[in-house]
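Peer 1: pasting a predicted model and its sequence here:
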Amino acid sequence: MTTEARPRAIAALDDRGFPRFWDEERETRSPGERDRTILERLQHQLRYAYAELPFYRRLYDARGFHPDQVRSIEDFTTKVPVITKKMLIADQREHPPFGSYTPELAPGQIARIHGSSGTSGTPTMYAVSHGDWRRAADVHAMAQWCAGIRPDDLVQIGFPFGLFFGGWGVVQGAERIGATVFPLGVTDSERHLELITSLGSTVFSATPSYCIHLLSVAERLGIDLAASSVRRILVGGEPGGSLPGTRKIIEEGWGAIASDAGSTSEMYPFQTSVGCEAGTGTHLITDEVFTEVAAADDLNTPVPAGERGAVVYTHLWRESQPMIRFAPGDETFMSTDPCPCGRTYPRLPEGILGRLDDMLVIRGANVFPSAVETGLRTVPELGPEFRIRVSKVGALDEMTVEAELTHRASGELSIDGREELVRRVEDALRRSVHIRVPVTLLEPGTLPETTFKARRVLDERPRG
């Protein structure tokens, strides 16, 4: 019997009359007890991969590693080699169609085949077994329940459906909960707004960029989204949903609670994290996908809670194409402080901060696009779209930011008002990125509209 105190549920039912947890025993388990389960599953996955999946056996033999060396979670971090998307792409090229990190699956054993684009544009293919797909539905349901989605909700989805996993996890989880699902996908923005009104959708799910874009469309059409039926926003697909400024704009504009759901194509079909209704960041479902934060320059060196580093993921239960210490190249930091919601999973207080390979070095300072977004989102006169332009002046890299005005600001600001706004925006960027960044204001509609993932950086530096 463990001596660690397990948090009690604050109340048996929430304010809508439903249980507060999807799986209370699992979600409120003591960290020590959960760690014992995690270690058992890590050891199991290592033995399985070494015995059954040639990709891992070759890698581990080449690095002088054997699964028997892992006797603790610390051993796992410090001794097990990482894998990257480049390695997966190369292996699939040599061992088509699914790579030698996939067990032999007969056609009747595969529930889904999806894919994501590789660096060459050739899709990386993912095969998911029936057992893994069924398990994923329950995990997605648990994650969405944490975000406040319930059986009496109508969930309208603005993610694409097709080759990419996209919004399939939202569909799985919402269906498992018993909610009504409206998988509209990517369509005309005005159509989305029209159907929210006509159907009375209570949950909207898309990328944070698209949710902010719809606010701009609604403003142009004279629609008050804050007065709509939507009371929950579930965002994902790109960084930003957990950044305080971005989250505030979404919540205030939609009049709804926003939650950030995180995963990657490689880690699908299992949710890695989901935003908590308490607004404390995204909970990591670490007994499903074990998540580490390691030093960016040495992925076998763990960093303590609160310090920024590179995220590393491991499937604990997936048998079809398990990822073991997969490093997607994202930066984050972790918190293990207690959460008011009662869940004992650790959290990412600001979600995924951005990709390490997106980092720009400007006049000796490290600048992430997410930090630029953080600064811009504090200025209410700015619209959803912005662009970062990077150029080389002499021997130095320079950065400028182009930001669109809202429709209201465009019509109301005088020349002097615009000059004052530029100064305020540059001050906001100085606070968030710690260097001076020149700003150019653009009229609404100048930049391409974001209907899925935003592309914010225009690199104009000469190649070679």
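Peer 2: It's in. Keep in mind it's a predicted model, so treat the numbers as computed, not measured.
Peer 1: sketch out the low-pLDDT regions of the stretch 51-200 of the chain for me.
Peer 2: Residues of the stretch 51-200 of the chain that meet the criterion pLDDT under 70 lie in 117-122.
Peer 1: how about the helices in it?
Peer 2: With DSSP state H, counting those that start in this stretch as the criterion, the stretch 51-200 of the chain has helices at 54-62, 73-79, 85-94, 130-146, 168-177, 189-199.
Peer 1: out of the ones you listed, which comes closest to Ser263?
Peer 2: Among those, the nearest to Ser263 by Cβ to Cβ is helix 168-177 (6.7 Å). Yep, even glycine has a C-beta here, placed from its N, CA and C like the rest.
Peer 1: output the contacting helices and strands for the closest one.
Peer 2: With contacts defined as 3 or more Cβ pairs under 8 Å, 6 or more residues apart in numbering; DSSP states H and E, the packing partners of helix 168-177 are helix 130-146, strand 154-157, strand 180-182.
Peer 1: need the helices of the stretch 51-200 of the chain in JSON lines with distance to Ile362 and mean neighbour count, can you?
Peer 2: Below are the helices of the stretch 51-200 of the chain laid out as JSON lines (distance: least, Cβ to Cβ, whole Å; neighbours: other Cβ atoms under 10 Å):
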{"stretch": "helix 54-62", "distance to Ile362": "36", "mean neighbour count": "16"}
{"stretch": "helix 73-79", "distance to Ile362": "32", "mean neighbour count": "17"}
{"stretch": "helix 85-94", "distance to Ile362": "26", "mean neighbour count": "16"}
{"stretch": "helix 130-146", "distance to Ile362": "36", "mean neighbour count": "21"}
{"stretch": "helix 168-177", "distance to Ile362": "36", "mean neighbour count": "23"}
{"stretch": "helix 189-199", "distance to Ile362": "33", "mean neighbour count": "16"}
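Peer 1: among these, which is nearest Arg231?
Peer 2: The minimum distance between Arg231 and the helices of the stretch 51-200 of the chain falls on helix 189-199, with 11.6 Å, by Cβ to Cβ.
Peer 1: can I get the closest one in PDB, CA atoms only?
Peer 2: Output in PDB follows, covering the C-alpha atoms of helix 189-199 (Å, rounded to 0.1, in the frame of the first residue of the first chain):
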ATOM      1  CA  SER A 189     -14.800  30.400 -43.300                       C
ATOM      2  CA  GLU A 190     -18.200  32.000 -43.600                       C
ATOM      3  CA  ARG A 191     -19.800  28.600 -43.900                       C
ATOM      4  CA  HIS A 192     -18.300  27.500 -40.600                       C
ATOM      5  CA  LEU A 193     -19.700  30.600 -38.900                       C
ATOM      6  CA  GLU A 194     -23.100  30.100 -40.600                       C
ATOM      7  CA  LEU A 195     -23.300  26.500 -39.400                       C
ATOM      8  CA  ILE A 196     -22.200  27.300 -35.800                       C
ATOM      9  CA  THR A 197     -25.300  29.600 -35.700                       C
ATOM     10  CA  SER A 198     -27.800  27.300 -37.400                       C
ATOM     11  CA  LEU A 199     -26.800  24.100 -35.600                       C
END
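Peer 1: gap between the nearest residue to Pro302 once chain neighbours are set aside and Ile110?
Peer 2: Spatially, and ignoring its direct neighbours in sequence, Pro302 is nearest to Thr77 (4.9 Å; Cβ to Cβ, 6 or more residues apart in numbering). Going from Thr77 to Ile110 by Cβ to Cβ, to the nearest Å gives 32 Å.
Peer 1: could you do Pro462 as well?
Peer 2: In this view, Pro462 and Ile110 are 46 Å apart by Cβ to Cβ.
Peer 1: between these two, who's got more neighbours?
Peer 2: Higher neighbour count among Pro462 and Ile110: Ile110, with 17 against 6, using other Cβ atoms under 10 Å.
Peer 1: beta partners for the more buried one?
Peer 2: Ser129 (DSSP bridges).
Peer 1: wait, it touches Gly131, no?
Peer 2: No - in this structure, Ile110 is not within contact of Gly131 by Cβ atoms under 8 Å, at 10.9 Å.
Peer 1: domain map for this protein?
Peer 2: Here the domain assignment for the chain is 9-350, 359-459, based on automatic domain parsing.
Peer 1: what's the most buried one of those domains?
Peer 2: domain 9-350 (a mean of 19; mean count of other Cβ atoms under 10 Å).
Peer 1: ok, back up a step: need the helices and strands packed on helix 168-177 in TSV (columns: distance to Met267).
Peer 2: Converted to TSV, the helices and strands packed on helix 168-177 look like this (distance: least, Cβ to Cβ, whole Å):
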stretch	distance to Met267
helix 130-146	11
strand 154-157	20
strand 180-182	22
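Peer 1: ok, which of these comes nearest Asp188?
Peer 2: With Cβ to Cβ as the measure, strand 154-157 is the member of those nearest Asp188 (13.8 Å).
Peer 1: cool, thanks, talk later.
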